[in-house]
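Asks: Turn this into a model:
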Amino acid sequence: MSKNSSYSPLFSLNSQQEKWQQRIAQVALRFNKQYQNQPFELPEEVQAMPIFQEWTSGLLTGRIVSPFWEIAKPQKNQHCLDIGCGVSFLIYPWRDWQAFFYGQEISNVARDTLNSRGSQLNSKLFKGVELGAAHQLNYAAGTFDLAIATGFSCYFPLEYWSAVLTEVKRVLKPGGQFIFDILNPEQPLAEDWAVLETYLGAEVFLEPVAEWEKTIKASGAKIVTRLTGELFDLYKIKF
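Replies: Numbers count the residues shown, from 1 in each chain. From the prediction side, this is the model:
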């Protein structure tokens, strides 16, 4: 073995982490622009796509949102972590559920918005949002009854999500549940949506469902429930 080759595993790991950080920064920028209502410059042919018209009107969000509460509604006094939470505490009925909300988010705009407004809505239930990526959760082991991650898995490769699953397993209590969604490439909307998101600044991975399920099982998790949507499939898993 050459002197240089002895360093290849470390180099490979660092290279992988660097690629992840670059992608995280790209996705954060894409959503910061949206949260700040900044204009996106898209080619005319993309703006002419029906899916773009639905996106600009706000109709698309209602069609593709993953209703995690239908397969695992947060229960009273449960400690729940919303990974990639966006501004979800302002949207979903956390106050009705009476569950404690914790968040982690890569968009500093979303983080700042929630931290400035969440406690005003309910200082008891809202426990704050940390700035950080899904593969490095800023919480102690065994903290949460429920973890949620919807709307962003498609922006990252499967090996990244292997790291996310390991990290989620760490922060869940024994018997805790993880709810997340994946982009189903077989759905009619998938390719057009992937094109739109790429032009908005965040490239999409069209991974086969079978590969996703292989990744889930390799993490030691069991698939409890799968709910098929118009674009995303929602999973409830247990480790």
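Asks: Quick check: pLDDT value at the most centrally placed residue in the chain.
Replies: Centrality entry for the chain: nearest residue to the mean C-alpha point is F152, 3.6 Å, by Cα atoms, centre = their mean. Model confidence at F152, given as pLDDT, is 94.
Asks: tell me the contacts of it?
Replies: 27, 84, 134 (Cβ atoms under 8 Å, 6 or more residues apart in numbering). C-beta here means a position set from N, CA and C on the backbone, and glycine is covered the same way.
Asks: longest strand in the chain, by residue count?
Replies: Assignment by DSSP state E gives strand 172-183 as the longest strand of the chain.
Asks: Neighbouring strands of it in the sheet, and parallel or not?
Replies: Applying DSSP bridges to the sheet, strand 172-183 is found paired with strand 144-149 (parallel), strand 232-238 (antiparallel).
Asks: for these, which one ends up most surrounded?
Replies: Of all these, strand 144-149 has the most neighbours on average by mean count of other Cβ atoms under 10 Å, namely a mean of 24.
Asks: which residues sit against that strand?
Replies: In contact with strand 144-149 (Cβ under 8 Å, 6+ apart) are residues 68, 72, 74-75, 78-85, 99, 102, 134, 164, 168, 171-173, 176-181.
Asks: Can I get the buried part of those as one ChimeraX selection?
Replies: Typed into ChimeraX, the line below selects the buried ones among these, using 16 or more other Cβ atoms under 10 Å:
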select :68,72,74,78,79,80,81,82,83,84,85,99,102,134,164,168,171,172,176,177,178,179,180,181
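Asks: Surely A190 is in contact with F232?
Replies: No: using Cβ atoms under 8 Å, A190 is not in contact with F232; the gap is 9.4 Å.
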